[in-house]
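Student: 3D model of this:
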Amino acid sequence: MTKSTDKIDLLSKEGKQLMELKEVLLANQDNPLIYDALIQTIQSKGLQKKVVDSLQDNKVDKEKFEKIIINYKAYTNEELAKKTYSNFRLKVNSSLDRHRVDHYQSDISLEGGGICIFKKIGFNQDYFAREFRLNKREANRLIKDGFAEKYAELKLAAVTKTMLEHVEHKHGKVPGTLFSLSDFYYDEESGYYNIDFKINVAYSAAYDSASALTALVKDIKAILDSIHIQYMKNIKS
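Tutor: This is a model prediction of the structure:
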């Protein structure tokens with residue numbers, strides 16, 4: 001489904017060295033000769049106290065330790081990743097806008113190594129009124145009783161699952177893309193019950209080429225069109 005990408009490692013060279021040190025410490029807890037020598041080395045490095053404490057605490061595993069050091073600029077490439085992915089997002093958005101693609105939102109994705117384009121799949125009180133042939137007062141009662149939210153959650157879960165299967169079957173071979181669904185939620189501002197359909201697009205330096213970017217945006221537009229068609233078919237009809 002994906003091709004080689006240029007995902008930026010969130011850990012810097014120094015961060016990776018700390019992770020290696022943590023791994024060696026955990027592996028030598030029962031070897032005092034190696035363990036004590038490493039502890040002495042750590043204490044002489046002038047590291048931040050929280051980093052030192054976490055290195056020495058054997059209850060802190062590698063995963064937890066990485067989450068700690070990722071908060072220190074000296075050990076991460078986060079700013080570079082944010083800048084690179086933000087520029088990529090602007091290029092994709094501008095191209096989609098030129099193709100008159102709307103009703104989507106996007107954001108950078110550090111975890112995904114690029115950007116996430118998403119489309120809200122949902123409905124509001126008007127849908128309930130139409131679906132169950134209710135007047136406004138009756139529809140309001142469904143909402144207050146909690147039935148509307150439960151129905152919306154079940155309905156949207158079923159619909160978006162079908163949409164995901166359809167899109168993966170039709171567009172699953174688009175390079176660098178990965179599809180997923182958000183959790184169900186209620187948007188108080190719009191009054192809509194939603195599940196977001198997410199398109200994660202991995203960054204690649206190849207997209208600095210106008211032709212490669214154009215091909216990518218053509219694929220994204222086709223995916224968004226498929227999502228919209230399925231939305232109209234399953235929700236709006």
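Student: ok, which stretches of this protein are helices?
Tutor: Using DSSP state H, the helices of the chain run over 13-27, 32-43, 49-56, 62-69, 78-98, 125-132, 136-144, 147-171, 210-231.
Student: Report the separation between the closest residue to Leu80 other than its chain neighbours and Val24.
Tutor: The shortest distance from Leu80 to any non-neighbouring residue, by Cβ to Cβ, 6 or more residues apart in numbering, is to Ile8 (6.1 Å). C-betas here are computed from N, CA, C, even on glycine. Distance of Ile8 to Val24, given as Cβ to Cβ, to the nearest Å: 26 Å.
Student: And those two? Which one has more around it.
Tutor: Ile8 (17 against 12; other Cβ atoms under 10 Å).
Student: Do you know the pLDDT at the residue lying farthest from the centre of the chain?
Tutor: Distance to the chain centre peaks in the chain at Leu33, reaching 43.6 Å (criterion: Cα atoms, centre = their mean). pLDDT, Leu33: 91.
Student: again with Lys83
Tutor: Lys83 is assigned a pLDDT of 95 by the prediction.
Student: Check Ile39 too.
Tutor: 89.
Student: Same question for Thr5.
Tutor: Per the predicted model, pLDDT is 68 at Thr5.
Student: Could you tell me the backbone phi and psi angles at Lys59?
Tutor: phi -80, psi -10 (degrees, to the nearest 10).
Student: Distance check, it against Gln17.
Tutor: Lys59 is 22 Å from Gln17, by Cβ to Cβ.
Student: Comparing the two, which residue is more hemmed in?
Tutor: Between Lys59 and Gln17, counted using other Cβ under 10 Å, the more crowded position is Gln17 (12 against 6).
Student: What separation is there between the residue farthest from the centre of the chain and Val52?
Tutor: From Leu33 to Val52 the distance is 21 Å (Cβ to Cβ).
Student: likewise Thr214?
Tutor: 50 Å.
Student: Ile229 now?
Tutor: Separation of Ile229 from Val52 (Cβ to Cβ): 56 Å.
Student: Looking at those two, which is more packed in?
Tutor: Using other Cβ under 10 Å as the criterion, Ile229 and Val52 rank with Val52 on top: 15 against 12.
Student: For Tyr192, list the residues it contacts.
Tutor: Counting by Cβ atoms under 8 Å, 6 or more residues apart in numbering, Tyr192 touches Lys120, Gly122, Phe123, Asn124, Tyr186.
Student: Can you read off the pLDDT for the last one?
Tutor: According to the per-residue confidence, Tyr186 scores 94 in pLDDT.
Student: Which strand residues bridge it?
Tutor: Counting by DSSP bridges, Tyr186 is bridged to Tyr193.
Student: And for Tyr151, the neighbour number?
Tutor: With other Cβ under 10 Å as criterion, Tyr151 counts 16.
Student: my bad, should have said Tyr193
Tutor: Neighbours around Tyr193, by other Cβ under 10 Å: 25.
Student: Next: Leu10.
Tutor: 17.
Student: I'd say it and Leu80 touch.
Tutor: No - at 9.5 Å, Leu10 does not count as touching Leu80 under the criterion of Cβ atoms under 8 Å.
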